[in-house]
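Peer 1: Only the shape, not the letters, is given here:
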């Protein structure tokens, strides 16, 4: 099987692919930092395909990509809600993943059985269109075989090389991401802390969450 390549600007095709996502398809598309592979978080078989095609450790959870900066309240809750609102207001859409307590509606197979979930709202138009057209958030991870990309950044050619024969669709964007690192990850579960540093600096984050460590 070879993935069908879709133009990121073709909204009719994105609508069709979004329907396929609802039915269990897997899709490669560009995030704000690199190319990721996406599926419905509510399809256990599709999520299993993501893990299998990447050879990803089953103990590592997927990330939920949201189409709106306020959608996180549907899928998670923040012990420090004021910090979450401040972070989302200041940095979304953008390359910032936030770890929160998950709500029961999020399947355990997305979070590897953990009681937390990583959520993000990117600027990426194709991902937001797919999420809106599908009517659900998208579960995702980077579009490469696990452990093969030290920087964490996966471009179109590498995504095709690694997963192009394993997924159903590839949404090709005209412009490459200008990110130099993977997305920043912060946790707002027990206090506020930086889990992974990306292009978004600690200084910028502390300007809205002074307690961040």
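Peer 2: Good, I have the coordinates. None of these values were measured; they are calculated from a predicted model.
Peer 1: Low-confidence stretches in the protein?
Peer 2: 1 (pLDDT under 70).
Peer 1: max-length strand in it?
Peer 2: What stands out as the longest strand in the chain, according to DSSP state E, is strand 96-102.
Peer 1: ranges for the strands of the protein?
Peer 2: All strands of the chain, identified by DSSP E, fall at 4-7, 27-30, 35-39, 63-65, 76-77, 96-102, 116-120, 138-142, 169-172, 184-187, 193-196.
Peer 1: Now do the contacts for the spatially closest residue to residue 146 that is not a sequence neighbour.
Peer 2: Closest residue in space to residue 146, ignoring its immediate chain neighbours: residue 56 at 4.7 Å, by C-beta to C-beta, 6 or more residues apart in numbering. To be clear about C-beta, it is placed using only N, CA and C from the backbone, and glycine gets the same treatment. Shown in contact with residue 56 (C-beta atoms under 8 Å, 6 or more residues apart in numbering): 50, 141, 146.
Peer 1: Repeat the analysis, applying 10 Å as the threshold.
Peer 2: Listed by C-beta atoms under 10 Å, 6 or more residues apart in numbering, the contact partners of residue 56 are 37, 50, 62, 112, 141, 142, 144, 145, 146, 147.
Peer 1: quick revisit: just put the strands of the chain in CSV and tack on mean neighbour count and distance to residue 160.
Peer 2: Putting the strands of the chain into CSV (neighbours: other C-beta atoms under 10 Å; distance: least, C-beta to C-beta, whole Å) gives the following:
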stretch, mean neighbour count, distance to residue 160
strand 4-7, 15, 8
strand 27-30, 28, 8
strand 35-39, 28, 9
strand 63-65, 27, 20
strand 76-77, 18, 33
strand 96-102, 22, 24
strand 116-120, 23, 23
strand 138-142, 25, 14
strand 169-172, 23, 7
strand 184-187, 22, 26
strand 193-196, 14, 26
